[in-house]
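Novice: Have a look at this prediction, sequence included:
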Amino acid sequence: MLCPCRGKLKLLVVSLSFVILFTWLYLLLIHVACVCAGHNASRDVVTLVKSILFHRRNPLHFHFITDTVANQILSTLFQSWMVPSVQVSFYDADELKSEVSWIPNKHYSGIYGLMKLTLTKALPSNLSKVIVLDTDITFATDIAELWAIFRKFTEKQVIGLVENQSDWYLGNLWKNHKPWPALGRGFNTGVILLYIERLRRIGWEQMWRLTAERELMSMLSTSLADQDIFNAFIKQNPVLVHQLPCFWNVQLSDHTRSEQCYTEVSDLKVIHWNSPKKLRVKNKHVEFFRNLYLTFLEYDGNLLRRELFGCPSQLQQALEELDEDDQCYDFRRERIMVHRVHLYFLQYEYTPTADGTDITLVAQLSMDRLQMLEAICKHWEGPISLALYMSDAEAQQFLRYAQASEVLKNRKNVGYHIVYKEGQFYPVNLVRNVALRNVNTPYVFLTDVDFLPMYGLYDYLRKSIVQLDMANTKKALVVPAFETLRYRLSFPKSKAELLSMLDMGTLYTFRYHVWTKGHAPTKYAKWRTATTPYKVEWEADFEPYVVVRRDCPEYDQRFVGFGWNKVSHIMELDAQEYDLIVLPNAFMIHMPHAPSFDISKFRSSPSYRYCLTTLKDEFHQDLSRKYGSAALKYLTAQRNI
């Protein structure tokens, strides 16, 4: 007779075994490698990563082979994204170029299309297996399912691939079409299971080189980059390949057999937009595929910060330490919030000037100010750094807007940096700081996007920088601010014309009827007749727009929404003993627009105004601790208000 205790023990052992197996499966670290170079590929890879994160239940380690541009963009993005259980490593493509630069290549991806050949050299020596993906991939399932196929490899197999779904390697697409040698239809390298440990053991680097050298004697160049060399290698060594089911790489080029890879669209695992046409390919289910892709393109990446195993992140721990009963809890929460940042969302090119006087216009905006961009680009020919506070969906709307604009798409010296929306306040100073940190010139013009600088201001400021010896002195050059209430304005071409418009009532000094003390210290009456720069003194609530060296203090990020965001910055400049110098022949004009949501909240909410006062007091105290006696006058000024 079986002892009941023994039966319970057996059940307990089975249960524990199941728990151990479950834990092993879901704690298994999955490695993913991508080659990513340039601004466009950096945008594409984010959509791929979102689709992987959406479905995943395992920790992930991404390995990116990047150029300098993609490294800066993606390292900032992942650091600010703070996705739990995700590691990221970067490898310098420049150090690998010599490995493949000798190969003539006609593919549009250029030398980066050959970089997958170097992965055994680029990736860590202790890495055993890796999934290698193109950036134009979308996952429709958990990547762990793909990783599990490694267990099906025979002892000799080193590489897993899906058969090519076009007729390219059959050589019948046009007269005299001569593709590289391939096994049957060949294989597509958009999705690869790479058993790196085994590849190194068989001498992969020497083998692919010998294959490429042999075939290039007759082929002269590759047409499909690394894919041609992989296929020629497999033709000679078919025993080394493990063929994957084709739903792991449904290739959406024109004239492919992709529809044979699935019966229902629910069967799909991985979609590969491997046509130069991308979303415009021909396929009877293309609308479904496009909608799936767009879902991840516009998906809120903040939702992917979820914990896998219930362990609180550092951010969650910091939030838990806040007092939820504090009337200003929401403001405190904003101060420690980490926003995702995607730098250089569009192509950016900048060549430094030889004289070291170059200056960047720095501003921030949200979707409702987008219409100002074209006008600013027409008024300011120098470099611009813009931080845009947007949701994922709005960022894609902005991208379409910029690509359709003749003005914007022809300006390459504008850096667009997306700060993704999160929380209930507009983190205006945080957004400003993103734009400020990503400047490539020694000087910055700190402005707002709803101001148009006078024509020629860029050149005038560069001359003023030299004349006022800003390289060796602490100066903040004040650009006097004006405003119009007219949506259509004949913009003044000179100071004389502006003065005439002031006298006629077409223009006004900025905020004279709402917030006089914000700009009154500029001394507009003196400016009217001034011919040389003049110094002004700091006064309470002064918030001019200034030109300073790039190493100026950043904006204080405790101030969100409306109120004191620029005032606090000017106070710190003054505390650091910057001289405030008004330029006699410079001006900018504020263009009318609907009031922001934040100013409406400030006007209607006593709680909002109370918390702003609290933040001001705390800022004053911090300023005193930081600058000592130099900051005493701010406390005195505050008490006198």
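Specialist: Structure received.

Novice: Only C-alpha atoms from now on, for both contacts and neighbour counts.
Specialist: OK.

Novice: Where does pLDDT dip in this protein?
Specialist: Along the chain, the parts satisfying pLDDT under 70 run over 1-26, 173, 254-256, 258, 275-286, 309-316, 319, 593-604, 630-632, 634-641.

Novice: Mind splitting it into its structural domains?
Specialist: For the chain, the structural domains run 28-304, 341-638, going by the TED database.

Novice: I'd like those laid out as TSV, including mean neighbour count and distance to residue 328.
Specialist: Output for those, formatted as TSV (neighbours: other Cα atoms under 10 Å; distance: least, Cα to Cα, whole Å):
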stretch	mean neighbour count	distance to residue 328
domain 28-304	18	23
domain 341-638	18	6
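
Novice: how far away is the closest residue in space to residue 492 that isn't next to it in sequence from residue 487?
Specialist: Spatial nearest neighbour of residue 492, excluding adjacent residues (Cα to Cα, 6 or more residues apart in numbering): residue 498 at 5.4 Å. Distance of residue 498 to residue 487, given as Cα to Cα, to the nearest Å: 17 Å.

Novice: same thing with residue 231?
Specialist: 62 Å.

Novice: circling back to that earlier point, who wins for proximity to residue 334 among the domains of the chain?
Specialist: Of all the domains of the chain, it is domain 341-638 that lies closest to residue 334, at 7.0 Å by Cα to Cα.

Novice: now that closest one, how far from the centre of its chain.
Specialist: Relative to the centre of its chain, domain 341-638 is centred 22 Å away, using Cα atoms, centre = their mean, to the nearest Å.

Novice: what does stretch 59-68 give?
Specialist: From the chain centre to the centre of stretch 59-68 is a distance of 15 Å (Cα atoms, centre = their mean).

Novice: List the contacts of that stretch.
Specialist: Here stretch 59-68 makes contact (Cα atoms under 8 Å, 6 or more residues apart in numbering) with 26-38, 85-94, 115, 122-123, 308.

Novice: at 6 Å instead, please
Specialist: Under the contact criterion Cα atoms under 6 Å, 6 or more residues apart in numbering, stretch 59-68 has outside partners 29-37, 85-93.

Novice: Send me it as CSV with only the CA atoms.
Specialist: Extracted in CSV, the C-alpha atoms of stretch 59-68 (Å, rounded to 0.1, in the frame of the first residue of the first chain):
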residue,chain,number,x,y,z
PRO,A,59,14.9,39.5,-20.0
LEU,A,60,16.6,40.8,-23.2
HIS,A,61,20.1,41.9,-24.1
PHE,A,62,20.3,44.0,-27.3
HIS,A,63,23.6,44.2,-29.1
PHE,A,64,23.8,47.2,-31.6
ILE,A,65,26.6,47.6,-34.1
THR,A,66,26.3,51.3,-34.8
ASP,A,67,27.9,54.4,-36.3
THR,A,68,28.5,57.5,-34.1
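
Novice: what's the distance between residue 248 and residue 295?
Specialist: With distances taken as Cα to Cα, residue 248 is found 20 Å from residue 295.

Novice: does residue 162 count as helix, strand or coil?
Specialist: Three-state call for residue 162 (DSSP: H, G, I helix; E, B strand; the rest coil): strand.

Novice: what about it, distance to residue 123?
Specialist: Computed as Cα to Cα, the residue 162 to residue 123 distance reads 23 Å.

Novice: can you confirm residue 357 is in a helix?
Specialist: No. According to three-state DSSP, the state of residue 357 is coil, so it is not within a helix.

Novice: and it, what does it touch?
Specialist: residue 462.

Novice: Ramachandran angles for it?
Specialist: Per-residue torsions, residue 357: phi -110, psi 10 (degrees, to the nearest 10).

Novice: and residue 46, what does it touch?
Specialist: Contacts of residue 46 (Cα under 6 Å, 6+ apart): none.

Novice: what about it, which helix or strand?
Specialist: Residue 46 belongs to helix 38-55 when elements are defined using DSSP states H and E.

Novice: now residue 83
Specialist: Short version, using DSSP H and E: residue 83 is in no helix or strand.

Novice: correct me, but it touches residue 307?
Specialist: No. Using Cα atoms under 6 Å, residue 83 makes no contact with residue 307, being 8.1 Å away.

Novice: tell me the strands in the stretch 151-300 of the chain, going along the chain?
Specialist: Along the stretch 151-300 of the chain, counting by DSSP state E, counting those that start in this stretch, strands occupy 159-163, 187-194, 241-244, 250-251, 270-272.

Novice: brain fart, the stretch 451-600 of the chain
Specialist: Going by DSSP E, counting those that start in this stretch, the stretch 451-600 of the chain shows strands at 451-453, 475-479, 481-483, 508-509, 534-536, 545-549, 579-582, 588-590.

Novice: Can you tell me the SS state at residue 91?
Specialist: When classified by three-state DSSP, residue 91 comes out as strand.

Novice: okay, the domains of the chain in TSV with distance to residue 317 next?
Specialist: Listed next are the domains of the chain as TSV, based on distance: least, Cα to Cα, whole Å:
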stretch	distance to residue 317
domain 28-304	13
domain 341-638	17
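
Novice: Please identify which of those domains is closest to residue 320.
Specialist: domain 341-638 (15.7 Å).

Novice: those strands in the stretch 1-150 of the chain, which residues are they?
Specialist: Secondary structure of the stretch 1-150 of the chain (DSSP E, counting those that start in this stretch): strands at 30-36, 60-66, 86-92, 130-133, 137-139.

Novice: got the angle between the helix holding residue 46 and strand 30-36?
Specialist: Going by axes from the mean of the first three to the mean of the last three Cα atoms, to 10 degrees, helix 38-55 is angled at 160 degrees with respect to strand 30-36.

Novice: Would you agree residue 362 falls within a helix?
Specialist: No. Using three-state DSSP, the secondary structure at residue 362 is strand, not a helix.

Novice: now it: how far from residue 440?
Specialist: Residue 362 sits 11 Å away from residue 440, going by Cα to Cα.

Novice: same check, this time on residue 367
Specialist: Following Cα to Cα, the distance that separates residue 367 from residue 440 is 25 Å.

Novice: Please apply the same query to residue 417.
Specialist: Residue 417 is 14 Å from residue 440, where distance means Cα to Cα.

Novice: before we move on, the earlier item: wait, which of the strands of the stretch 151-300 of the chain is closest to residue 263?
Specialist: Across the strands of the stretch 151-300 of the chain, residue 263 has its closest neighbour in strand 250-251 (12.4 Å, Cα to Cα).

Novice: which other helices and strands contact the closest one?
Specialist: Applying 3 or more Cα pairs under 6 Å, 6 or more residues apart in numbering; DSSP states H and E, we find strand 250-251 packed against strand 270-272.

Novice: can you do 10 Å?
Specialist: Counting contacts by 3 or more Cα pairs under 10 Å, 6 or more residues apart in numbering; DSSP states H and E, strand 250-251 packs against strand 137-139, strand 159-163, strand 187-194, strand 270-272.

Novice: So which of these is nearest residue 52?
Specialist: Nearest of these to residue 52, taken as Cα to Cα: strand 137-139 at 5.9 Å.

Novice: For the spatially most central residue of the chain, give me phi and psi.
Specialist: Centroid-nearest residue in the chain: residue 342, 1.2 Å away (criterion: Cα atoms, centre = their mean). For residue 342, the backbone dihedrals are phi -110, psi 100 (criterion: degrees, to the nearest 10).
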